[in-house]
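Trainee: predicted structure and sequence below. I'll ask about it afterward.
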Amino acid sequence: MSEQNSLPFPDGQPSGTAVPPPPASPPPAGPASRATAKRPLWARLLGRLADPWLDLKLEPADLGGRSVDDARPVCYVLEDYGLSNALILDKACRQAGLPSPLVPLPGDLLGRKRAYVALSRRNASPLIPDQRPMARTHSDSLARLLQAHRAQPGLDVQLVPVSIFVGRAPDRQSGWFSVLFSENWALVGRFRRLLAILLNGRDTLVRFAEPISLRDNVDEGLPPERTVRKISRVLRAHFRRIRAAIIGPDLSTRRLLVDKVLAADTVREAIADQARRDQSKPADAWRKAHAYAWEIAADYSHPVVRSASFILTPIWNRIYRGVLVHHLDKLKEAAPGHEVVYVPSHRSHMDYLLLSYLLYDRGIVPPHIAAGINLNLPVVGTILRKGGAFFMRRSFRGNPLYSAVFTEYVAQLVSGGYSLEYFIEGGRSRTGRLLQPKGGMIAMTVRAFLRQPTRPVLFQPVYIGYEKLMEGNSYLDELSGKAKTKESIWSLLWGIPKVLRSNYGQVVVNFGEPIHLSAMLGEHAPSWDGRPLAEDQKPSWLADTVDTLAQNIQIRINAAADVNPINLLALALLSTPKHAMGEGDLLAQIALSKKLLAEMPYSDRVTMTPHSPEEIIAHGEEIGVLRRTAHPLGDVLSVDGDTAVLLSYFRNNVVHLFTASSWIACCFQHNRRMSRRTLVRLGRSVYPFLQAELFLPWSEDEFAQRIERFADAFVQEGLLLQVNDDEDGYLQRNQGQSDEVFRLRAIGHTLQQAFERYYIAISVLVKNGPGTLGAAELESLCQLAAQRLSLLYAPAAPEFFDKSLFRSFIQKMRELRLVWPDENSKLLFDERLDAWAKDAKVILGRELRHTIERVSPEAARPEAAIQE
């Protein structure tokens with residue numbers, strides 16, 4: 001047996017030899033006393049040499065206050081031994097106020113004059129090829145600790161696993177640069193570890209896990225050898241999960257991944273089919289498939305990612321007034337051991353960069369991102385590809401070979417444990433609302449899991465909220481009817497100076513409640529027994545599962561919304577005809593919106609600006625949204641026409657949060673009084689359409705309960721009066737043009753145009769009669785009617801004549817059997833639609849209803865109806 005020493009070298013004896021009895025121990029001292037104990041001289045000297053090269057980021061931030069019990073001794077567990085790891089751990093403990101690992105446990109239970117153990121060791125030198133680590137099934141020091149617990153019934157040592165990452169780079173099978181200088185999966189030698197610290201030591205992450213009680217494990221009564229193996233196995237699994245979560249899986253090169261894709265049976269069959277269709281040689285079809293795979297595949301490079309993080313940090317600080325992140329800690333708790341699929345909202349090209357940057361900055365490996373082929377620009381495309389982007393064409397239709405290659409590439413990423421990111425809306429929202437999801441990427445992910453269900457999949461919804469959009473002007477052009485401008489490297493370069501001179505306010509990134517695919521499959525696919533499915537198997541439940549999953553993702557994105565100052569300003573100012581308010585009225589309206597959100601929370605993941613109404617107005621003026629006009633009777637705050645259109649975007653970000661309150665306010669726009677029973681009954685009838693359009697999370701009964709609670713809140717705020725307290729409980733709005741009536745009208749305006757759209761669709765149907773219009777014809781006629789209404793009367797928000805919203809409404813009517821197709825695919829309806837139309841009359845004023853009925857076109861003019 002080797003001599004005992006205090007240096008952090010591996011245990012000297014192999015695990016097969018007998019462990020000597022532990023030394024007698026005095027009464028244990030707590031961690032607090034060891035935190036101030038004197039470290040060895042060598043540790044103090046080497047620590048001073050290493051300190052300038054190390055900048056540690058500790059996780060969790062409050063570990064000194066929650067992770068360690070002061071009453072018990074602490075022993076740390078590392079993934080592997082090494083002098084550098086010991087010094088890094090010692091510095092981390094000093095920063096956190098924890099006991100030093102280089103001060104022995106009370107009684108020196110380890111017999112090594114230290115307070116840490118490790119599961120494996122590094123090779124002493126990479127230059128000696130014959131040096132091999134001893135075969136070890138567990139740490140001898142761990143066995144010694146457990147034996148001490150059996151000998152001393154009062155002993156209870158806390159075992160704290162600690163993961164250390166010097167530079168968070170995925171390993172690369174090609175290119176020695178990243179292997180030599182960055183964190184990876186291999187245990188490198190001392191020389192390469194030294195170089196890694198010199199070059200990457202200022203990017204070191206130290207993650208402490210919750211402590212494990214050795215006393216609890218010993219008291220289980222298992223045989224000593226079995227207890228050691230059990231704890232070692234649990235620790236190894238823990239370190240693997242944390243390493244995969246921090247630096248990602250062991251990365252293959254782009255070439256190797258492409259080779260795997262082309263070698264897959266499904267792709268080989270698609271290549272053969274392509275050769276037969278083209279009447280060409282198989283080699284030609286193979287080259288075409290290879291070109292597709294090369295066009296698609298990411299080429300992740302940690303040096304590029306790390307360089308980009310240095311470049312982006314000052315850019316964010318220049319153009320944004322802060323990037324806030326909420327609920328990321330909950331993701332960190334759920335992610336280890338899972339294949340994580342990030343599914344964010346998509347409102348700007350900045351979404352790609354922001355999410356990857358934030359994840360990397362906070363110690364999580366950036367995902368592989370599905371990006372549109374339009375972003376594969378010269379230079380820019382290469383940088384994005386090096387950052388983890390893989391590119392997809394807008395449509396796979398008519399190209400089965402491309403479809404097979406892309407599907408197999410996604411399957412390889414899923415089976416390889418790579419985290420993914422894609423935008424299920426298919427494109428950026430131009431209106432601020434979440435778009436109806438497209439299930440293509442979700443279906444590929446689910447099928448990849450079913451083909452190889454070894455690693456559980458977790459879908460992570462992400463809400464990204466902006467106060468000002470870089471693409472704002474281009475969105476204005478597109479909404480006014482201009483064609484979308486194609487991306488180019490020159491337009492990007494010309495736009496950079498303007499971006500760097502602008503103030504885009506604050507960005508908030510909220511992580512929603514994750515969705516576990518296994519739980520979804522258990523609910524929607526009870527017949528699946530967990531066995532792998534063949535590639536050509538298409539179970540009957542797959543399509544419904546994908547659709548439900550896509551809807552749930554959108555629901556949970558909305559349930560993690562952030563309400564920023566611009567959202568609140570938009571809600572208030574867009575409710576007035578001239579988009580202007582006196583300062584006092586605007587302050588009161590903002591305060592009311594904040595109060596309603598605070599008293600009736602939408603979900604526990606919704607966040608709201610802490611700023612006061614006065615600070616919100618000042619912020620709006622600072623970033624150029626508000627215009628102040630001085631007046632002797634009080635300043636007026638307003639927005640111009642183009643700004644108002646852009647503000648509708650930010651109002652739509654949060655319109656779903658005010659559904660119940662806006663519904664109540666709408667009911668009292670044209671009705672002086674109404675019973676609670678009628679209020680709830682009408683709310684139930686309209687809720688399915690609102691739910692489909694706004695991705696609302698409640699059942700019909702739950703929505704009815706929210707209506708009741710908001711009605712009580714309105715009475716408490718004086719917005720409505722309680723006429724009587726019987727079962728019907730009549731409610732009444734105030735008389736005249738009081739402040740309460742003004743605020744009630746502002747709240748109701750949020751959903752007013754949605755109900756107008758619904759009435760347009762019903763009016764067009766009724767005017768043309770049953771069996772006359774198909775669904776597509778009805779969509780086009782509704783769009784024309786909405787456009788004409790906006791041109792002839794009051795201007796409307798851009799989404800007012802959005803054909804996709806009419807499509808969603810018509811689809812929901814079909815689901816509810818209010819309309820149904822005949823044998824010619826024409827829509828039929830009966831008296832139930834008339835009843836629904838009568839209910840709509842309660843919400844809309846007589847003049848508006850007559851106007852809608854007058855502009856509703858008939859199918860007798862097909863040349864007008866088919867135009868888009």
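Mentor: Received the coordinates, thanks.
Trainee: in which helix or strand does Arg276 reside?
Mentor: Following DSSP states H and E, one finds Arg276 within helix 265-278.
Trainee: tell me which helix or strand comes right after that helix.
Mentor: On the C-terminal side of helix 265-278, the nearest following helix or strand under DSSP H and E is helix 282-296.
Trainee: name the helices or strands packed onto that next one?
Mentor: The contact analysis (3 or more C-beta pairs under 8 Å, 6 or more residues apart in numbering; DSSP states H and E) places helix 282-296 against helix 254-263, helix 265-278, strand 389-392, helix 400-415. (C-beta placed from N, C-alpha, C; glycine too.)
Trainee: what sits up against it?
Mentor: Residues outside helix 282-296 that contact it (C-beta atoms under 8 Å, 6 or more residues apart in numbering): 254, 258, 261-262, 267, 270-272, 274-275, 278, 373, 376, 390-392, 401-402, 404-406, 409.
Trainee: quick one, which of the residues you listed are buried?
Mentor: Taking 16 or more other C-beta atoms under 10 Å as the criterion, what is buried in the contacts of helix 282-296 is 254, 258, 261-262, 267, 270-271, 274-275, 376, 390-392, 401-402, 404-406, 409.
Trainee: pull the CA atoms of stretch 643-655 into PDB?
Mentor: What follows is stretch 643-655, C-alpha atoms only, in PDB (Å, rounded to 0.1, in the frame of the first residue of the first chain):
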ATOM      1  CA  THR A 643     -46.900  53.200 -34.200                       C
ATOM      2  CA  ALA A 644     -50.500  52.300 -33.500                       C
ATOM      3  CA  VAL A 645     -50.300  49.400 -36.000                       C
ATOM      4  CA  LEU A 646     -47.100  48.200 -34.400                       C
ATOM      5  CA  LEU A 647     -48.600  48.600 -30.900                       C
ATOM      6  CA  SER A 648     -51.400  46.300 -31.900                       C
ATOM      7  CA  TYR A 649     -48.700  43.600 -32.200                       C
ATOM      8  CA  PHE A 650     -47.800  44.100 -28.500                       C
ATOM      9  CA  ARG A 651     -51.400  44.200 -27.400                       C
ATOM     10  CA  ASN A 652     -51.900  40.900 -29.100                       C
ATOM     11  CA  ASN A 653     -49.000  39.400 -27.200                       C
ATOM     12  CA  VAL A 654     -51.100  39.500 -24.000                       C
ATOM     13  CA  VAL A 655     -54.700  39.700 -25.200                       C
END
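Trainee: please work out the average pLDDT along that stretch.
Mentor: The pLDDT scores in stretch 643-655 average 90.
Trainee: off-centre distance for it?
Mentor: On the basis of C-alpha atoms, centre = their mean, to the nearest Å, stretch 643-655 sits 22 Å off its chain's mean C-alpha point.
Trainee: where are the low-confidence patches of the chain?
Mentor: Applying pLDDT under 70 to the chain flags residues 1-37, 63-70, 121-138, 168-189, 248-253, 475-495, 725-728, 794-798, 859-868.
Trainee: quickly list the domain ranges of it.
Mentor: Here the domain assignment for the chain is 34-127+136-247, 254-558, based on automatic domain parsing.
Trainee: redo the ones you listed as a markdown table? Include distance to Ala598.
Mentor: Listed next are the domains of the chain as a markdown table, based on distance: least, C-beta to C-beta, whole Å:
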| stretch | distance to Ala598 |
| --- | --- |
| domain 34-127+136-247 | 26 |
| domain 254-558 | 16 |
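Trainee: out of those domains, which is closest to Gln691?
Mentor: Among those, domain 254-558 comes nearest to Gln691, with 9.1 Å by C-beta to C-beta.
Trainee: chain center to that closest one: distance?
Mentor: 12 Å.
Trainee: and the end-to-end length of that domain?
Mentor: Terminal residues of domain 254-558 lie 36 Å apart, using C-alpha to C-alpha, to the nearest Å.
Trainee: to Gln436, which of the helices and strands packed on helix 282-296 lies closest?
Mentor: For these, proximity to Gln436 was assessed by C-beta to C-beta; strand 389-392 is nearest, at 18.9 Å.
Trainee: who touches that closest one?
Mentor: 295-298, 352, 368-373, 375-376, 381, 385, 406, 409.
Trainee: between helix 400-415 and the helix holding Arg276, find me the angle.
Mentor: 170 degrees (axes from the mean of the first three to the mean of the last three C-alpha atoms, to 10 degrees).
Trainee: next step: the contacts of strand 389-392 restricted to helices.
Mentor: Applying DSSP state H to these, the entries found in helices are Glu295, Ile296, Tyr352, Gly381, Arg385, Phe406, Tyr409.
Trainee: list the helices and strands the helix or strand hosting Ile197 packs on?
Mentor: Applying DSSP H and E as the criterion places Ile197 in helix 190-200. For helix 190-200, the packing partners by 3+ C-beta pairs under 8 Å, 6+ apart come out as helix 83-96, strand 158-166, helix 176-181.
Trainee: any chance of those in JSON lines, plus distance to Leu500 and mean neighbour count?
Mentor: As requested, the helices and strands packed on helix 190-200 are arranged in JSON lines below (distance: least, C-beta to C-beta, whole Å; neighbours: other C-beta atoms under 10 Å):
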{"stretch": "helix 83-96", "distance to Leu500": "36", "mean neighbour count": "22"}
{"stretch": "strand 158-166", "distance to Leu500": "33", "mean neighbour count": "22"}
{"stretch": "helix 176-181", "distance to Leu500": "31", "mean neighbour count": "16"}
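Trainee: out of the ones you listed, flag the one nearest Pro697.
Mentor: Pro697 lies closest to strand 158-166 among the helices and strands packed on helix 190-200, at 36.1 Å (C-beta to C-beta).
Trainee: got the CA coordinates for the closest one in PDB?
Mentor: The C-alpha coordinates for strand 158-166 follow below in PDB (Å, rounded to 0.1, in the frame of the first residue of the first chain):
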ATOM      1  CA  GLN A 158     -23.100  14.600   4.100                       C
ATOM      2  CA  LEU A 159     -21.900  13.500   0.700                       C
ATOM      3  CA  VAL A 160     -22.100  16.500  -1.700                       C
ATOM      4  CA  PRO A 161     -21.600  15.700  -5.400                       C
ATOM      5  CA  VAL A 162     -19.800  18.500  -7.300                       C
ATOM      6  CA  SER A 163     -19.400  18.800 -11.100                       C
ATOM      7  CA  ILE A 164     -16.600  21.000 -12.500                       C
ATOM      8  CA  PHE A 165     -16.500  22.200 -16.100                       C
ATOM      9  CA  VAL A 166     -13.600  24.200 -17.400                       C
END
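Trainee: which secondary structure elements does it sit against?
Mentor: The helices and strands touching strand 158-166, judged by 3+ C-beta pairs under 8 Å, 6+ apart, are strand 74-80, helix 83-96, helix 190-200, strand 204-208, strand 212-213, helix 224-247.
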